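Asker: this one's structure only:
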């Protein structure tokens, strides 16, 4: 089974509008971390935001917020006031703790296009 | 520079040749990861180094793939007898120890096997 599922291959959003990128995850580990990365066309992976499984509040970083619904195992990324520079691939990732795995499990990504 | 660097940025090779990819992590980062990203796909974990501990090689797809790291310094990923399916971007990341700490990625090496 996929550990991270991103069901939206592509999304479009009007500049200055908000957009939600979906991410669901699968783990039996009670302790895990969820990450979102942005990958522009230049190829580098840019860390955006992190949510720990025990965090009580949804993470926020500037225009990025994470809508964490633990019972549903979803960790959607919300980008507010979209900008043209937000056009990129966005990857959701998870790291588990109890299994001892140190790597990140990535989803297949969502390509976001911001329309002027 | 303060970030993770990788070389070469692009590598074109013929099927059957060996290639070596290099990663310079951020100074002081004890953890180093290699990932592979095929065209249009997410990242696949290959191998993880943490300090002087034995590496986690669980993601290596075949015995043609190997990696080395000396201490907390440079790492090299070697692919022997390359195949066309090895064509991908190979990304290196480094970080501090701790399961919740983010990984800082390098720009990647784009490998094309003809």
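Answerer: Structure received. What you are looking at is a predicted structure, and each value in this text was computed from that prediction instead of being measured.
Asker: Give me every residue in chain A lying close to chain B.
Answerer: Within chain A, the residues that sit near chain B (CB under 8 Å from any CB of the partner chain) are A:4, A:31, A:33, A:35, A:37, A:42-47, A:50, A:52, A:91, A:93, A:95, A:97, A:101-109. Every C-beta, even on glycine, is put in place using the N, C-alpha and C of the backbone.
Asker: can we see that at 7 Å?
Answerer: Taking CB under 7 Å from any CB of the partner chain as the contact definition, chain A meets chain B at A:33, A:35, A:43-45, A:47, A:50, A:52, A:91, A:95, A:97, A:102-104, A:106-109.
Asker: For chain A, just list every one of the strands.
Answerer: A:4-5, A:10-14, A:19-21, A:24-25, A:32-39, A:46-52, A:60-61, A:64-69, A:74-79, A:88-96, A:105-106, A:110-115 (DSSP state E).
Asker: gap between the fourth one and the chain center?
Answerer: I take that to be strand A:24-25. Relative to its chain's centre, strand A:24-25 lies at 10 Å (CA atoms, centre = their mean, to the nearest Å).
Asker: Could you do the second one as well?
Answerer: Remark: strand A:10-14 is offset 15 Å from the chain centroid, using CA atoms, centre = their mean.
Asker: Show me which positions of that strand end up buried.
Answerer: Neighbour counts over strand A:10-14 (16 or more other CB atoms under 10 Å in any protein chain shown) mark A:11, A:13 as buried.
Asker: Mind listing the strands that strand pairs with, and their directions?
Answerer: Using DSSP bridges, the strands paired with strand A:10-14 are strand A:110-115 (parallel).
Asker: now swap in the longest one and tell me
Answerer: Here strand A:88-96 has these sheet partners by DSSP bridges: strand A:32-39 (antiparallel), strand A:105-106 (antiparallel), strand A:110-115 (antiparallel).
Asker: Tell me who's in contact with residue A:48.
Answerer: Listed by CB atoms under 7 Å, 6 or more residues apart in numbering or on different chains, the contact partners of residue A:48 are A:36-38, A:61, A:64.
Asker: I meant to write residue B:31 there.
Answerer: By CB under 7 Å, 6+ apart, the contact set of residue B:31 is A:102, B:48-50, B:94-97.
Asker: and the one residue sitting closest to the centre of chain B, how far is that from residue B:42?
Answerer: Among the residues of chain B, the one closest to the centroid is residue B:34, at 3.1 Å (CA atoms, centre = their mean). Distance of residue B:34 to residue B:42, computed by CB to CB, to the nearest Å: 15 Å.
Asker: swap in residue B:81?
Answerer: For residue B:81 relative to residue B:42 (CB to CB), the value is 26 Å.
Asker: between the two, which one's more packed in?
Answerer: residue B:42 (22 against 11; other CB atoms under 10 Å in any protein chain shown).
Asker: Serialize the strands of chain A to TSV and add fields for mean pLDDT.
Answerer: TSV is the format used below for the strands of chain A (pLDDT from 0 to 100):
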stretch	mean pLDDT
strand A:4-5	95
strand A:10-14	96
strand A:19-21	98
strand A:24-25	97
strand A:32-39	94
strand A:46-52	93
strand A:60-61	95
strand A:64-69	97
strand A:74-79	98
strand A:88-96	94
strand A:105-106	91
strand A:110-115	97
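Asker: could you dump these to JSON lines with distance to residue B:87?
Answerer: Below are these laid out as JSON lines (distance: least, CB to CB, whole Å):
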{"stretch": "strand A:4-5", "distance to residue B:87": "24"}
{"stretch": "strand A:10-14", "distance to residue B:87": "23"}
{"stretch": "strand A:19-21", "distance to residue B:87": "28"}
{"stretch": "strand A:24-25", "distance to residue B:87": "29"}
{"stretch": "strand A:32-39", "distance to residue B:87": "18"}
{"stretch": "strand A:46-52", "distance to residue B:87": "24"}
{"stretch": "strand A:60-61", "distance to residue B:87": "34"}
{"stretch": "strand A:64-69", "distance to residue B:87": "32"}
{"stretch": "strand A:74-79", "distance to residue B:87": "30"}
{"stretch": "strand A:88-96", "distance to residue B:87": "19"}
{"stretch": "strand A:105-106", "distance to residue B:87": "19"}
{"stretch": "strand A:110-115", "distance to residue B:87": "21"}
